[in-house]
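>>> Turn this into a structure:
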Amino acid sequence: SGRALRKLREEREIAKIEAQDSEEDEEEVDDRKTGGAFLAMMDDSSSDEEESMELDDDRSDSIDKVILLREENVDSGMAKSHTTTDNNKTGEEDLDALLAEFKNTDESLPVNPHASQDYVSWFQDIIDNFDPRDLDFEFVTRSNLNVGGSAVQEQNASSNSNSRRSRQTCLFGQPREGWGRPPHYIGGGIGMESYENEKGQSLPLFPYNLKVVDSDDDAKRNWMHFRNWYKFNYSDTYKKKLDVYKEIQQTGDVNALALFIADNPFVPEALLQLSKVAYQTNRKQEGFTLLLRSLWTYECSSLNNFSPHEKARFFLDSNLKENKPFFETLLQLVKVSSIAGCMRTALAASRYLLAMDPLRDPTGVLLVMDCYALSTMQKEHDVFLIKMVESDKIQLYYEDKEIGNPVGKLLDLPNWAYSYALALYRLEKPNGSQSSFVGKTTSTEALVSAIQTFPFIVEQLLVKSDQDVFGRSMETDWPTLLNSLRSMGSHPNDNSNYDAVVYHASKCACDLVSKIFVERNCTLWAGNEVLKWLYNAAVEAIARGEKQALSPSAALQRYSSIDPQIFDTRERLLPDEANPLDPTLLEMCLVVDQNRRRFLRRGDRVGQPNPLDLLENQARNHAGGLALRGGAVQEIDPDSPMLEVFLQSMLPWNHVEGFLHPDDELCTGKAKCIRQAH
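Residues are numbered from 1 along each chain as shown. All right, here's what the predicted structure looks like:
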């Protein structure tokens, strides 16, 4: 309204007058400073009083001006209320002038080019309807066991928003008692930084340097901005710890690794390695605790605005050595959750992984994500699977200049082709008089297309689920049907663009993906209704006959190096007689105590003295004429009690670790004298 605009204008005038008064005061103070200390002493108190009175008079005059302006505005407003329509037009012109004035002042303000924009990401379908609580393995396990009955479910449903807000700092689960917060980058730990704050950092190249969409809208190509890419940073202290861990890793000594973790409880790479060993020795509880601590370390090291599970526009380059361990840790969480039957956590962790690097999929979660979505038996996850396919925003990129960097779609993967049809079939089941979901195509059409493209999977599913593929009944005739499907699987030799090398490489990758799919999804296709639907779709695919089996997409070759053991349905255990891990040392790793004495000494990292250091000390002593007397042969741990260190250091064959031995100092002094003489 006009009254509000006039009030704003008066407030701005008062602010301008006060700013001018403050500037005049500063100028007078500067004049006094330039006059020197002598002139300041010569001034008497009367001048100060006169100046203060003048300032008060100026301020009172300015306030009187503002009051007069207010009275004039009030009088003009009262006069305008009794005028004709012509005066109303002049009032509207005054309002327009006031609005134009405020618009000009607002446009003159500086605009932050890096202000956050609330736009929808191109990859938003990956984390659509994502529940962060699903990343908590223990929470999902309790909810699956239905501890507390329906009352707990109603309580969780009523406080859904509050629980999400409270778990922002504990995304992967509550830390154990006594852990505390791991050291940050400044304290000798791990930190995180955006590419925008780091000079010389370049964005990942292929395929993020390609124009994968037709529009140049930033909302669709947000991966091209530096502010959306992050990386973990290692401090110098953490790098030294990591070097020690790599030396222990080369020796293969698991007990030395346990001692290292007891001394350094927040090294995620070492925690992940020992967690895998604990799972292989059938110590699942201890292995999960170590895995949770590794995730807790990464969570505390991340920036507050790094949240791929909320907005799919925060990316990590998986090729950087600092980021790669985080991907491996999340992949281990996917494997552990799927083996334990916690499919919600496995699906949530897979979506989290894919959201951080969606165009490359470095961990290969697209090979099993469909299985996790279908295994949860929840409608929202079936809808998620369908949207992922129908949006056509997740594509398969494979970098090979010899074959032209092929690009594929999700339906080029055998598992997604069949799982997409099964998700449609579930949602097309009649709910009353109408179907509960309508997609871009029907489930039968999607399954017929999948069978025509990958006909050999039908027989593999039947064999893996222990179905009778040699018998006949009144409804099914599997032997005849499978013979027809085998004939459809012949490769198209008559294709003019046929390349035998590319075809066989793509076929091997397709067989690997199909093997993982059949191993994981065979139980989902074992129902009687699903088998009958599969049989009818296969009969229709053979009856059409105009579309032969196509060659696998060359983009599948990017999964040719995937280890299928990563997605096993069970953990491979070591025999009891070959268990190298000491249970006592494993228990020490579970307790975080920063003040206890170190178990693994710096000079004796793997339990044996370094032979290179011994030879170097022997050669140095021999050069200094100390071969008969010999040097120090035993080191003293500086973490021992002070009196013990003092008494042991008095013996000539001992020296404190980290300090130069007197014999070495003598040799160094003699060497310096010899160099100076020459």
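>>> can we go C-alpha only for contacts and neighbour counts from here?
Will do.
>>> What are the buried residues along stretch 643-654?
645, 648, 654 (16 or more other Cα atoms under 10 Å).
>>> Out of those residues, list just those in strands.
Cross-referencing the buried residues of stretch 643-654 against strands under DSSP state E gives residue 654.
>>> closest to residue 182 among the buried residues of stretch 643-654?
residue 645 (30.4 Å; Cα to Cα).
>>> Do I have it right that the closest one meets residue 654?
No - the criterion here is Cα atoms under 8 Å, and residue 645 misses it with residue 654 at 9.9 Å.
>>> Around residue 332, how many other residues sit close by?
For residue 332, the neighbour count with other Cα atoms under 10 Å is 21.
>>> Now do the same contact list for residue 126.
312, 351, 354, 355, 384, 388 (Cα atoms under 8 Å, 6 or more residues apart in numbering).
>>> ditto for residue 449
Per Cα under 8 Å, 6+ apart, neighbours of residue 449: residue 541.
>>> And the strand or helix carrying it, what's buried?
Per DSSP states H and E, residue 449 falls inside helix 443-453. Neighbour-count burial for helix 443-453, counted by 16+ other Cα under 10 Å, picks out 443, 444, 446, 447, 448, 449, 450, 451, 452, 453.
>>> residue ranges for the strands of the stretch 201-350 of the chain, please.
229-234, 315-316 (DSSP state E, counting those that start in this stretch).
>>> Return the most buried member of the ones you listed.
Mean neighbour count (mean count of other Cα atoms under 10 Å) peaks for strand 315-316 among those, with a mean of 24.
>>> re earlier: could I get the buried residues of helix 443-453 as JSON lines with distance to residue 392 and pLDDT?
Formatted as JSON lines, those follow (distance: Cα to Cα, whole Å; pLDDT from 0 to 100):
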{"residue": "443", "distance to residue 392": "18", "pLDDT": "92"}
{"residue": "444", "distance to residue 392": "20", "pLDDT": "93"}
{"residue": "446", "distance to residue 392": "15", "pLDDT": "94"}
{"residue": "447", "distance to residue 392": "18", "pLDDT": "95"}
{"residue": "448", "distance to residue 392": "20", "pLDDT": "93"}
{"residue": "449", "distance to residue 392": "17", "pLDDT": "92"}
{"residue": "450", "distance to residue 392": "17", "pLDDT": "93"}
{"residue": "451", "distance to residue 392": "20", "pLDDT": "93"}
{"residue": "452", "distance to residue 392": "21", "pLDDT": "90"}
{"residue": "453", "distance to residue 392": "18", "pLDDT": "90"}
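>>> so can I have TSV of these showing distance to residue 189?
Below are these laid out as TSV (distance: Cα to Cα, whole Å):
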residue	distance to residue 189
443	52
444	55
446	51
447	51
448	54
449	52
450	49
451	52
452	54
453	51
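>>> can you map out the helices along the stretch 101-250 of the chain?
Secondary structure of the stretch 101-250 of the chain by DSSP state H, counting those that start in this stretch: the helices cover 137-145, 150-158, 160-166, 236-251.
>>> Below-threshold pLDDT in the stretch 451-600 of the chain: ranges please.
489-497, 546-550, 600 (pLDDT under 70).
>>> Now do the helices in it.
Under DSSP H, counting those that start in this stretch, the stretch 451-600 of the chain gives helices at 456-464, 478-488, 500-521, 528-544, 583-590.
>>> For residue 175, which of those is the nearest?
Distance to residue 175, taken as Cα to Cα, is lowest for helix 583-590 among these, at 12.0 Å.
>>> which helices and strands sit right next to the closest one?
helix 254-263, helix 284-301 (3 or more Cα pairs under 8 Å, 6 or more residues apart in numbering; DSSP states H and E).
>>> mind saving the C-alpha coords of the shortest one as CSV?
Which is helix 254-263. Extracted C-alpha coordinates of helix 254-263, given in CSV (Å, rounded to 0.1, in the frame of the first residue of the first chain):
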residue,chain,number,x,y,z
VAL,A,254,46.2,-59.3,10.0
ASN,A,255,47.3,-59.0,13.6
ALA,A,256,49.6,-56.1,12.8
LEU,A,257,46.6,-54.5,11.1
ALA,A,258,44.6,-55.0,14.3
LEU,A,259,47.4,-53.3,16.4
PHE,A,260,47.4,-50.4,13.9
ILE,A,261,43.7,-49.9,14.3
ALA,A,262,43.9,-50.0,18.0
ASP,A,263,46.5,-47.2,17.9
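>>> Show me what it is packed against.
Using 3+ Cα pairs under 8 Å, 6+ apart: helix 254-263 touches helix 236-251, helix 268-280, helix 583-590.
>>> which residues sit against it?
Here helix 254-263 has contacts from 245, 248-249, 267, 270-271, 274, 580-582, 585-586, 588-592, 594, 597-600, 605-607, using Cα under 8 Å, 6+ apart.
>>> before we move on, the earlier item: so which of the helices and strands packed on helix 583-590 comes closest to residue 327?
helix 284-301 (10.5 Å).
>>> That closest one vs helix 137-145, what angle?
120 degrees (axes from the mean of the first three to the mean of the last three Cα atoms, to 10 degrees).
>>> relative to helix 268-280, how tilted is helix 284-301?
Relative orientation of helix 284-301 versus helix 268-280 (the same axes, to 10 degrees): 160 degrees.
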